[in-house]
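Student: All I have is the shape, not the residue letters:
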């Protein structure tokens, strides 16, 4: 390898994007494809109108993890998935019915995608879904060999089927698929069939309730190819669950690090009580997952600002560990500026932008109490607020300071 060419040439990310772009064109893609390196995505245009987007971040992460002898096959697989849009969903419901399956997604995935559309001034996504607790959702999809296609509202109307009717069909089809469940220490049940529908199997309530767990079933789906189930009264089982989930923390296609519990009313987002031995471990998983979602949200907002020529400060979501209590806390930093978009964190730090020193710091509850209507809920997920004007000196005094954030 020419070392100078490597050092000063395009990054591996860009090289991968160009290679994939070439393969897609050679495979017959007729739409115009524009590579957007800042957003790291392909934008597809049909007669000058945006017709689709392919985000490359997760794809490149998966590609990078593969051994060299499997990478070319993977590029072929992604190429076929991109071209799958040419394969239409059947017009007749009876023809589509056998291939309708349920897909579980993180709520953040859909809401951030919707946010990208709103920032671009486009109509919202016409996708219907069923909530799973407060952090997950499920939707019916049409399963192709190369990809999964969402079923929009127009298609439902064409078929004269409601969301709940399609979900019933999807669950029946999923229930008819074979699946292997591995039992660990008679406490934890692991679904890992690598067919992209392991997380979706949490929707088979009757089957989940048949698992011999201690207490109510608790599930976590760190990726779509991994579902972990144990009982809410099983301390050892919850320990094993958190250990297994940590192994999936850096997966290129994460789903959720937040557990949920199956009650008589369905799944609910859940964490053990604060005095539970596994509360901190599961809370940390939840916070790390939330940090990942906030990062994706911030990148989407900043990209929207960049493309529209707008300016604004979008605060990061940070995690810090208390050296005495060993507890993890979230915080954000708000520098002196008139407008800022803040994540909902445990603590907000107000910063003097000139001398780069903290002016005040307070818990989220204190900050909201003092600033009141100056913080407007953007009604996004994860939650983010629009701050109207930096606090005045007397407001900063009311907020006070937390010693550990002023060292």
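Tutor: Happy to help now that I have it. Everything numeric here is computed off the predicted structure, so don't read it as measured data.

Student: in the helix of greatest length in the chain, what counts as buried?
Tutor: Secondary structure of the chain per DSSP state H: the longest helix is helix 279-308. Under the neighbour-count criterion of 16 or more other Cβ atoms under 10 Å, helix 279-308 has 280-294, 296-305 buried. No exception for glycine: its C-beta is placed from N, CA and C like everyone else's.

Student: any weak-confidence spans in the stretch 301-407 of the chain?
Tutor: Scanning the stretch 301-407 of the chain for pLDDT under 70 picks out 407.

Student: ok, now the chain?
Tutor: 1-9, 86, 123-126, 407.

Student: quick one, helices of it?
Tutor: Under the criterion DSSP H, the chain carries helices at the ranges 3-8, 12-26, 57-65, 68-83, 93-96, 107-119, 153-159, 163-175, 205-210, 235-246, 279-308, 364-371, 393-399.

Student: could the ones you listed be laid out in JSON lines, adding distance to residue 32?
Tutor: Converted to JSON lines, the helices of the chain look like this (distance: least, Cβ to Cβ, whole Å):
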{"stretch": "helix 3-8", "distance to residue 32": "30"}
{"stretch": "helix 12-26", "distance to residue 32": "10"}
{"stretch": "helix 57-65", "distance to residue 32": "20"}
{"stretch": "helix 68-83", "distance to residue 32": "14"}
{"stretch": "helix 93-96", "distance to residue 32": "30"}
{"stretch": "helix 107-119", "distance to residue 32": "20"}
{"stretch": "helix 153-159", "distance to residue 32": "25"}
{"stretch": "helix 163-175", "distance to residue 32": "33"}
{"stretch": "helix 205-210", "distance to residue 32": "46"}
{"stretch": "helix 235-246", "distance to residue 32": "42"}
{"stretch": "helix 279-308", "distance to residue 32": "18"}
{"stretch": "helix 364-371", "distance to residue 32": "45"}
{"stretch": "helix 393-399", "distance to residue 32": "51"}
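
Student: Out of these, flag the one nearest residue 226.
Tutor: The minimum distance between residue 226 and these falls on helix 235-246, with 7.9 Å, by Cβ to Cβ.

Student: What helices and strands are in contact with the closest one?
Tutor: strand 188-191, strand 217-223, strand 226-231, helix 279-308 (3 or more Cβ pairs under 8 Å, 6 or more residues apart in numbering; DSSP states H and E).

Student: Kindly recompute the last result at 10 Å.
Tutor: With contacts defined as 3 or more Cβ pairs under 10 Å, 6 or more residues apart in numbering; DSSP states H and E, helix 235-246 has these neighbours: strand 181-184, strand 188-191, strand 217-223, strand 226-231, helix 279-308.

Student: Quick one: closest of those to residue 48.
Tutor: helix 279-308 (16.7 Å).

Student: Now do that closest one and helix 57-65, the angle between them.
Tutor: Per axes from the mean of the first three to the mean of the last three Cα atoms, to 10 degrees, the angle that helix 279-308 makes with helix 57-65 is 120 degrees.

Student: Test my guess that residue 196 contacts residue 146.
Tutor: No. Using Cβ atoms under 10 Å as the test, residue 196 is too far from residue 146 to be in contact (11.8 Å).

Student: mind checking which of the helices of the chain is nearest residue 379?
Tutor: helix 107-119 (9.6 Å).

Student: Could you list every helix and strand in contact with that closest one?
Tutor: Counting contacts by 3+ Cβ pairs under 10 Å, 6+ apart, helix 107-119 packs against strand 49-55, strand 136-143, helix 279-308.

Student: buried sites along that helix?
Tutor: By neighbour count on 16+ other Cβ under 10 Å, the buried set for helix 107-119 is 107-116, 119.

Student: just stretch 356-371 next, same as before
Tutor: For stretch 356-371, using 16+ other Cβ under 10 Å, the buried residues are 359-364, 366-368, 370-371.

Student: ok, so of those residues, who is nearest residue 386?
Tutor: Distances from residue 386 to the buried residues of stretch 356-371, taken by Cβ to Cβ, are shortest for residue 371, at 11.5 Å.

Student: That closest one and residue 157: what is the separation?
Tutor: 44 Å (Cβ to Cβ, to the nearest Å).

Student: One more: residue 85?
Tutor: 21 Å.
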